[in-house]
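>>> generate coordinates for the sequence data below:
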Amino acid sequence: MKRLIKRKDLKENMIIYGDILTSYGSVLVNSGTVVDKRLLELLENNNIYEVRILDTTNEDKILEGVETHLKEIRKTETFKKINQKYTLCYSNIEGQFNDVINREKEIDKEEILDGINDVLQKTTNANELFDALYGMQLKQNRMYMHSLNTALISNMLARWLKFPEKEIDDITLAGLFHDIGMLMLPEEMLEKSEDEYTEEDREVLKRHTIYGYRYLMKRELNRQIGLTALSHHEKIDGSGYPLQVMGQTTCEYSKIVAIADAYDELTLTEDGARNPFSLIHEFEKDGMTKYDPKYIMVFLTGIMDTYMGCDVLLSDNRVGRIIYVNKADLSRPTVRCGNEYVNLTEKKDIQIIKFV
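Predicted structure coming up:
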């Protein structure tokens, strides 16, 4: 179902229904886009006051009694072992990060790397890792979970890019520490939800990149780890922050972590893995101008391979399994619903809502 909603009532992870046009008639936001803070700012800047969204309030009823890919994954011994190691690693990261703020202690990078490698060693391939990440439920603190997920995804992308093992460890740490500056923001900032932020709040939030850089550059770490904290929100077209640098001036680790960070931000939700396909569409549309082309292409190829066999909930309330990915239109795969094959490249009115 679709319903009209005021912009001020939009929440992150809602799904836009129907293209949103500018006053000149050009497409501003594509149908199927998942709402995030960037989209909210875009709507405000273009004086869009109302939009149509997919109403997904009946998801639980639709999925009740349906055996799906994620439900099957959560029952496996592999998932249980990964989840156990993940939980231990998460707890260690939470404790060490809190010690940084409360006691000004040094982070034990070797201990954390051991924990991350324990998670990875429980997987035999990228599909198992991403299946596990999609199947995870949100832990107590979103930031610690996001930091760990970004480290794991950065590690996998570095492997796809065939970086040397020593550099893969440093890229993993860069992914883990990329948002450590968030812990140095005023506590009241971290207690607010996204829809409570003012424009002034958003400017304060951007300073986490500088705080993280200052902290990490004083530690005995690869210099690129500190630079990643500073520049993981930069874009190669100069549209990022805090320095709005252009071209190839951003450090290599940051280019990898920026992709992992953006991907996990969209897929990490309280009820598990939501729809990453709008981000894939965004990467297809302007990823070559925002991210390093040689990195984003490897990521897209690798990540789409992990989607094969995954079950998804469609906007027409059907559950289907992804059986084919069209490399010319990565965000619109073919889904098998019972005996019917739904080619989403042709069925533009149907959207993927979430992994299930």
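
>>> how about the contacts made by residue 189?
For residue 189, the contact set (CB atoms under 8 Å, 6 or more residues apart in numbering) comprises 201, 204-205. Glycine gets a C-beta too; all of them are placed from N, C-alpha and C.

>>> please read the previous query as pertaining to residue 168.
Counting by CB under 8 Å, 6+ apart, residue 168 makes contact with 155, 158-159.

>>> can we see that at 10 Å?
Contacts for residue 168 (CB atoms under 10 Å, 6 or more residues apart in numbering) come out as 154-159, 161-162.

>>> identify, from the contacts of residue 189, the entry nearest to residue 304.
Residue 304 lies nearest to residue 205 out of these, by CB to CB, at 31.4 Å.

>>> pull the number of nearby residues for that closest one.
18 (other CB atoms under 10 Å).

>>> now swap in residue 8 and tell me
Residue 8, neighbours per other CB under 10 Å, totals 10.

>>> likewise for the one 4 residues further on?
Applying other CB under 10 Å, we find 17 other residues in the vicinity of residue 12.

>>> that one in helix, strand or coil?
Under DSSP: H, G, I helix; E, B strand; the rest coil, residue 12 falls in the coil class.

>>> just the contacts of residue 189: which are in helices?
The helices, defined by DSSP state H, take in 201, 204-205 from the contacts of residue 189.

>>> would you turn those into TSV with pLDDT and distance to residue 87?
As requested, the ones in helices among the contacts of residue 189 are exported to TSV (pLDDT from 0 to 100; distance: CB to CB, whole Å):
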residue	pLDDT	distance to residue 87
201	86	32
204	90	32
205	91	28
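
>>> distance to residue 47 added to these, as CSV?
Output for these, formatted as CSV (distance: CB to CB, whole Å):
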residue, distance to residue 47
201, 21
204, 25
205, 24
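
>>> who are the packing partners of the longest helix seen in the chain?
The residue-count maximum for a helix in the chain (DSSP H) belongs to helix 77-102. The helices and strands touching helix 77-102, judged by 3 or more CB pairs under 10 Å, 6 or more residues apart in numbering; DSSP states H and E, are helix 69-75, helix 109-121, helix 126-135, helix 142-160, helix 165-177.

>>> got the buried residues for the last one?
It stands for helix 165-177. Residues 167-177 are the ones in helix 165-177 that count as buried (16 or more other CB atoms under 10 Å).

>>> between those, which is nearest residue 313?
The nearest one, if we look at the buried residues of helix 165-177 relative to residue 313 and count by CB to CB, is residue 175, at 29.1 Å.

>>> what's the angle from the longest helix of the chain to helix 126-135?
60 degrees (axes from the mean of the first three to the mean of the last three CA atoms, to 10 degrees).

>>> so what's residue 318 closest to, chain neighbours aside?
Nearest residue to residue 318 in three dimensions, chain neighbours excluded: residue 337, at 4.6 Å (CB to CB, 6 or more residues apart in numbering).

>>> please put the alpha-carbon coordinates of stretch 330-345 into PDB.
Listed next in PDB are the C-alpha coordinates belonging to stretch 330-345 (Å, rounded to 0.1, in the frame of the first residue of the first chain):
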ATOM      1  CA  LEU A 330      22.100  -4.300 -10.600                       C
ATOM      2  CA  SER A 331      19.400  -2.800  -8.300                       C
ATOM      3  CA  ARG A 332      16.500  -4.600 -10.200                       C
ATOM      4  CA  PRO A 333      17.200  -8.400 -10.100                       C
ATOM      5  CA  THR A 334      14.900 -11.200 -11.100                       C
ATOM      6  CA  VAL A 335      12.900 -12.700  -8.300                       C
ATOM      7  CA  ARG A 336      11.100 -16.100  -8.200                       C
ATOM      8  CA  CYS A 337       7.800 -15.900  -6.400                       C
ATOM      9  CA  GLY A 338       6.400 -19.500  -6.400                       C
ATOM     10  CA  ASN A 339       6.200 -20.500 -10.000                       C
ATOM     11  CA  GLU A 340       6.400 -16.900 -11.300                       C
ATOM     12  CA  TYR A 341       9.600 -15.100 -12.400                       C
ATOM     13  CA  VAL A 342       9.400 -11.400 -11.700                       C
ATOM     14  CA  ASN A 343      11.900  -9.300 -13.700                       C
ATOM     15  CA  LEU A 344      12.100  -6.100 -11.700                       C
ATOM     16  CA  THR A 345      14.000  -4.400 -14.500                       C
END
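
>>> picking up where we left off before, ok, so of the ones in helices among the contacts of residue 189, who is nearest residue 287?
Ranked by distance to residue 287 (CB to CB), the ones in helices among the contacts of residue 189 are led by residue 205 at 23.7 Å.
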